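>>> mind folding the following:
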Amino acid sequence: MRVLLPILRQLIRSPRRIVAVDDQRSWKAYQMYFGALHLARTIERSSDLPRIGVMLPTSGVFPMTMIATWLLSRTVVPLNYLLKGSDLKYVIDDAGLDLVITAGKMLEMFGPLPDSVKTLLLEEQSFSGIPPFRRAKRQPDDALAVLLYTSGTSGKPKGVMLTSANIAANVRQCIDWAKFTKNDVMLGVLPQFHSFGLTVLTALPLSVGCKVIYLARFLPKKMLGLLREHRPTAFIGIPSMYNALLHAKSATADDFGSLKYAVSGSEPLPDAVYTGFRDKFNCIINEGYGLTETAPVTNWCRPQEHKPRSVGPALPEVQEKIVDAEGNPVPDGEEGEVCIKGPNVMEGYFKLPEETAKVFDDAGYFKTGDIGKIDEDGHLFITGRLKEMLIIGGENVFPREIEEVINTHPSVHDCAVIGITDLSRGEIPLAFVELNEGEEFDETALRSHCRDALAGYKVPKEIRHIDKLPRNPTGKIMRRELKP
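The predicted structure follows:
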């Protein structure tokens, strides 16, 4: 498996090197490798199926589990522990899982998994003693390494198939672009069920042989402590994290002085956060761009080529074009849909051939659904989205999912949800409701109704009453006419 071999090479080459530090412990290379060998044997005894579910906090146990699964030439299916039970059950059923590797504390937080699924609790496993020798099974480059679920147009999650070659290519692209070496130290708190956290914060440092510092939950005070203790050269975050650090009373410019890269992704970076970090800490935040379907990084604005609001040029081997509504390329500087081609672009959507066909053009370019423009220097600027998807704290949320819940309330005739900018979370949902005749508007009751059926980050911060929702001649609600 192409993505696994450089990881194993680095672990074996310097066995006593510390490869990861998390909330619980530090991991030397041989400890991660031996732990993966022991765990691979346990997985082999527990399941014959090709895909293995993983529901773990951001930590060193995730890469250990990932390596164990790949040693068996099986597919890692990271599970989003922020989902509601019904959504998680859908993912488990769709992926065909009978085994989920997790931790007792995670189950306490989330609750029991479906009866059809066995759970393998890591704290109950013994990783002592000499592990069994295992040579990694060879797999073709198009073998499925990771199945990552992201929201679909219907609101149901859909599996993005990333091959060994896809992830290996994106790791190589990022390393070549940023010139990462074994002397770098990376710091991040991104969930490893997210493509950004899985590739950039997990597979990349293991492949290059550098140390990575994990924090399972973002706490500004603790993050500042890690910056001071470990002096990382790269911090991988999202805008809401940078905003919180900007307003931390104890933060100083020296805290960020070791950083070569302060990388922001997953959602647009507000100008106030960028200028605040620059002016207060003399630290330039550089944006990147990518999607789960592209494994994920396609663009990255390095410090020496920074342009405000630019997500940077395309990474090596990535081809990009901007097209109009008919699919024709537009001149530099004009807006259109961003389309991407490269070795990091997904194989397709799991068990969804028609959906897969819709998102690729005849030349093999992936149609992102994002609106952008490319300037004369090759810098990409993301200016909007064709899709009506919201990005809340880095997570994709579709308005329809929230609307369907609100519409089940007996007082509601119809509703529409839009996103509004929020410094701490990127976007938050705002709902507008039409009431049934004779009903009284009760925002508290409606928000309580949402909390019963939705993950917390999907619950609208505000619900407003409107006499008539704007509609086109066919009766379709025109969300763009709703103003915050």
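
>>> name the residues linked to the residue nearest to Asn407 when sequence neighbours are not counted by a beta bridge.
The shortest distance from Asn407 to any non-neighbouring residue, by Cβ to Cβ, 6 or more residues apart in numbering, is to Cys415 (5.9 Å). (C-beta placed from N, C-alpha, C; glycine too.) Here Cys415 sits in beta bridges with Val433, as judged by DSSP bridges.

>>> tally of neighbours for Cys415?
Counted with other Cβ atoms under 10 Å, the neighbours of Cys415 add up to 25.

>>> likewise Gly327?
By the measure other Cβ under 10 Å, the count of residues near Gly327 is 15.

>>> nearest spatial neighbour of it, skipping sequence neighbours?
Gly327's closest residue in space is Asp361 (Cβ to Cβ, 6+ apart), at 6.0 Å.

>>> phi and psi next, for the one you found.
Here is the backbone geometry of Asp361 (degrees, to the nearest 10): phi -90, psi -180.

>>> same check on Ser126?
phi -100, psi 120.

>>> that one reaches His38, doesn't it?
Yes - with contact defined as Cβ atoms under 8 Å, Ser126 reaches His38; the gap is 7.3 Å.

>>> for the stretch 1-150 of the chain, which segments count as helices?
With helices called from DSSP state H, counting those that start in this stretch, the stretch 1-150 of the chain shows them at 5-13, 29-46, 61-71, 85-95, 104-110.

>>> where does this structure dip in pLDDT?
Along the chain, segments meeting pLDDT under 70 span 133, 136-137, 151-155, 387, 472-476.

>>> contacting residues around the residue nearest to the spatial centre of it?
Nearest to the geometric centre of the chain sits His194, at 2.8 Å (Cα atoms, centre = their mean). Shown in contact with His194 (Cβ atoms under 8 Å, 6 or more residues apart in numbering): 78, 266, 292, 394-395.

>>> with Thr42 instead?
120, 125.

>>> quick one: it from Tyr81, how far?
To Tyr81, Thr42 is 21 Å away according to Cβ to Cβ, to the nearest Å.

>>> strands - which of the contacts of His194 land there?
78, 395 (DSSP state E).

>>> and which of the contacts of His194 is nearest to Gln31?
Pro78 (22.0 Å; Cβ to Cβ).

>>> with adjacent residues omitted, what lies nearest to that closest one?
Nearest one to Pro78, counting by Cβ to Cβ, 6+ apart, is Phe193 at 3.7 Å.

>>> same deal with Val61?
Leu122 (5.7 Å).

>>> correct me if wrong: the one you found contacts Ser59.
No - counting by Cβ under 8 Å, Leu122 sits too far from Ser59 to count as a contact (9.9 Å).

>>> re the thing from before, of all the helices of the stretch 1-150 of the chain, which one is nearest Arg425?
Among these, helix 85-95 comes nearest to Arg425, with 19.4 Å by Cβ to Cβ.
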